[in-house]
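In: I would like the atomic coordinates for the input below:
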Amino acid sequence: MKATGLFTFVCIFCLCMVCGCSSTPGMLLVANKSDNTLFLINGETFQLVDSTSTGDDPHETIVLATQNWAYTANMQGNSISVIDLSERNELHRIDLTDYGKPHGLALSKDGTKLYVTSQATKTVLEIDVATEEIRRTFKTEQEGTHMLAMGKDGTTLYAANLGSGNTSVIDLQAGEVVKTLATGEGSEGIDVRPDGKEVWVTARSGSVAIIDTENNEVVEHLAAGGLPIRVKFTPNGKHALVSCNQADEVIIFDVATRQPHETIKTGKGPVGIQIRPDGKLAFVANSGGNTVSVIDLESMTISETIPTGKTPDGMAYQ
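Out: Down below sits the predicted model:
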């Protein structure tokens with residue numbers, strides 16, 4: 001019996017290693033802007049596991065898997081918090097006094113470079129992860145350089161410029177902004193389709209711009225009311241979720257048809273969106289309600305509401 005049990009355990013372990021499954025549900029990271037905290041929430045039970053401090057006004061967060069770290073962009077603190085996810089505490093802060101109002105975050109494909117927007121200087125910074133030194137700066141010359149998305153091939157970075165109503169296309173190999181595309185007044189939320197062929201950009205004025213990445217041109221504008229503020233693709237690329245801040249809802253678009261598939265009421269003031277890696281659940285941070293709505297993507301319904309700190313916004317998944 002003991003030998004059989006051991007054999008069964010080893011087989012299950014090997015199967016999990018091959019298929020990539022794990023009993024560990026992972027953790028949802030939620031940046032709370034008014035509390036200056038990062039919440040770590042169990043991705044299956046939705047219980048608060050721990051929390052840690054950040055700099056002043058953390059807007060966005062991202063996970064560096066190679067180091068098991070997280071970063072938060074602290075907009076009013078003019079800094080980036082470096083957080084050890086193993087110890088669940090803030091290690092230190094990267095000072096960005098000379099590059100005020102950091103907001104959007106992205107990582108290079110190999111995890112060696114961190115990119116951050118500086119709204120105050122109309123700039124995107126490239127920071128060396130190992131040394132935490134600024135390696136390069138990319139001047140967008142646009143107002144409110146706000147959110148970032150990395151192209152699938154890792155050579156192109158897209159920056160949504162909130163104040164100028166456009167999106168900058170940065171060629172990382174050439175080291176410069178190569179295009180500026182009109183994507184709508186109040187361009188803000190941005191995400192790359194999983195296959196890399198499109199970038200979707202939400203505009204607060206009521207639309208979602210679609211950029212064809214083959215030639216980096218805008219090919220369509222979709223209507224989206226209620227102040228669309230963020231967009232996030234499901235891992236299979238079938239749906240795109242758009243949070244509409246004033247309408248207190250999320251529009252779920254069918255990516256193939258580019259038509260709304262469902263509209264789901266959330267909590268008050270939805271902003272940040274994060275999809276669990278298995279594609280079964282979506283998390284929506286309700287900044288006005290201090291909660292995260294959990295959307296079951298199979299039934300297209302709210303399955304849970306998670307309490308957070310004050311003014312949750314940016315999220316990531318570990």
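
In: list the buried ones in stretch 243-263?
Out: Neighbour-count burial for stretch 243-263, counted by 16 or more other CB atoms under 10 Å, picks out 243-245, 247-253, 255, 262. (Glycine included, C-beta is placed from N, CA and C.)

In: kindly reformat those residues as TSV containing distance to residue 299.
Out: Formatted as TSV, these follow (distance: CB to CB, whole Å):
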residue	distance to residue 299
243	19
244	20
245	24
247	21
248	20
249	17
250	14
251	17
252	12
253	18
255	19
262	10
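
In: so which of those belong to strands?
Out: Using DSSP state E, the members of the buried residues of stretch 243-263 that fall in strands are 243-244, 249-253, 262.

In: and residue 90, what pLDDT?
Out: Looking at residue 90, its pLDDT reads 98.

In: correct me, but it touches residue 54?
Out: Yes: with contact defined as CB atoms under 8 Å, residue 90 and residue 54 form a contacting pair (6.4 Å).

In: more neighbours: which of these two?
Out: In this view residue 90 and residue 54 are compared by other CB atoms under 10 Å, and residue 54 has more residues nearby, 28 against 19.

In: Provide a list of residues in contact with the more buried one.
Out: Residues near residue 54 by CB atoms under 8 Å, 6 or more residues apart in numbering: 31, 36-38, 72, 74, 77, 81, 83, 90.

In: out of these, who's the most crowded?
Out: Note: the member of the contacts of residue 54 with the most neighbours is residue 72, at 34 neighbours, neighbours being other CB under 10 Å.

In: how about it, nearest residue that isn't a chain neighbour?
Out: Residue nearest to residue 72 in three dimensions, not counting chain neighbours: residue 58, with 3.9 Å by CB to CB, 6 or more residues apart in numbering.

In: my guess is the one you found meets residue 33, correct?
Out: Yes: contact criterion CB under 8 Å: residue 58 and residue 33 qualify, at 6.2 Å.

In: returning to that earlier point: narrow the contacts of residue 54 to those in strands?
Out: Taking DSSP E, the ones among the contacts of residue 54 that sit in strands are 31, 37-38, 72, 74, 81, 83, 90.

In: what about the residue nearest to residue 72, distance to residue 46?
Out: If you measure residue 58 against residue 46 using CB to CB, to the nearest Å, the figure is 21 Å.

In: again with residue 147
Out: 26 Å.

In: likewise residue 133?
Out: Distance, residue 133 to residue 46, using CB to CB: 38 Å.

In: got the contact list for residue 191?
Out: When the contact criterion is CB under 8 Å, 6+ apart, the partners of residue 191 are 149, 199-200, 231-233, 240.

In: did I read that right, it in a strand?
Out: Yes: membership of residue 191 in a strand is supported by DSSP: H, G, I helix; E, B strand; the rest coil.

In: that one bridge partners, please.
Out: Each beta-bridge partner of residue 191 is listed here: residue 200, as defined by DSSP bridges.

In: can you pull the pLDDT of it?
Out: Listed pLDDT for residue 191 reads 98.

In: correct me if wrong: residue 142 contacts residue 166.
Out: Yes: with contact defined as CB under 8 Å, residue 142 and residue 166 form a contacting pair (6.2 Å).

In: what do the two both touch?
Out: residue 180.

In: residue contacts, the spatially closest residue to residue 244 that is not a sequence neighbour?
Out: Spatial nearest neighbour of residue 244, chain neighbours left out: residue 226 (3.3 Å); criterion: CB to CB, 6+ apart. Contact analysis of residue 226 by CB under 8 Å, 6+ apart lists 244-249.

In: can you tell me which of those residues lies nearest to residue 106?
Out: The shortest gap between residue 106 and any of the contacts of residue 226 belongs to residue 245, at 22.3 Å (CB to CB).

In: what's the spacing between the closest one and residue 227?
Out: From residue 245 over to residue 227 the distance is 4 Å, taken as CB to CB.

In: next, the residue nearest to residue 232 when sequence neighbours are not counted: secondary structure please.
Out: Beyond its immediate neighbours in the sequence, the residue positioned closest to residue 232 (CB to CB, 6+ apart) is residue 273, lying 3.9 Å away. Here residue 273 takes the strand state, with states given by three-state DSSP.

In: tally of neighbours for residue 273?
Out: 26.

In: that one touches residue 283, doesn't it?
Out: Yes: taking CB under 8 Å as the definition, residue 273 is a contact partner of residue 283 at 7.0 Å.

In: shared neighbours of those two, which are they?
Out: Common neighbours of residue 273 and residue 283 (CB under 8 Å, 6+ apart) are residue 315.

In: related to what we said a few turns ago, in TSV: the ones in strands among the buried residues of stretch 243-263, plus pLDDT and distance to residue 159.
Out: Formatted as TSV, the entries for those read as follows, by pLDDT from 0 to 100; distance: CB to CB, whole Å:
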residue	pLDDT	distance to residue 159
243	98	19
244	98	22
249	98	27
250	98	24
251	98	23
252	98	25
253	98	22
262	97	30
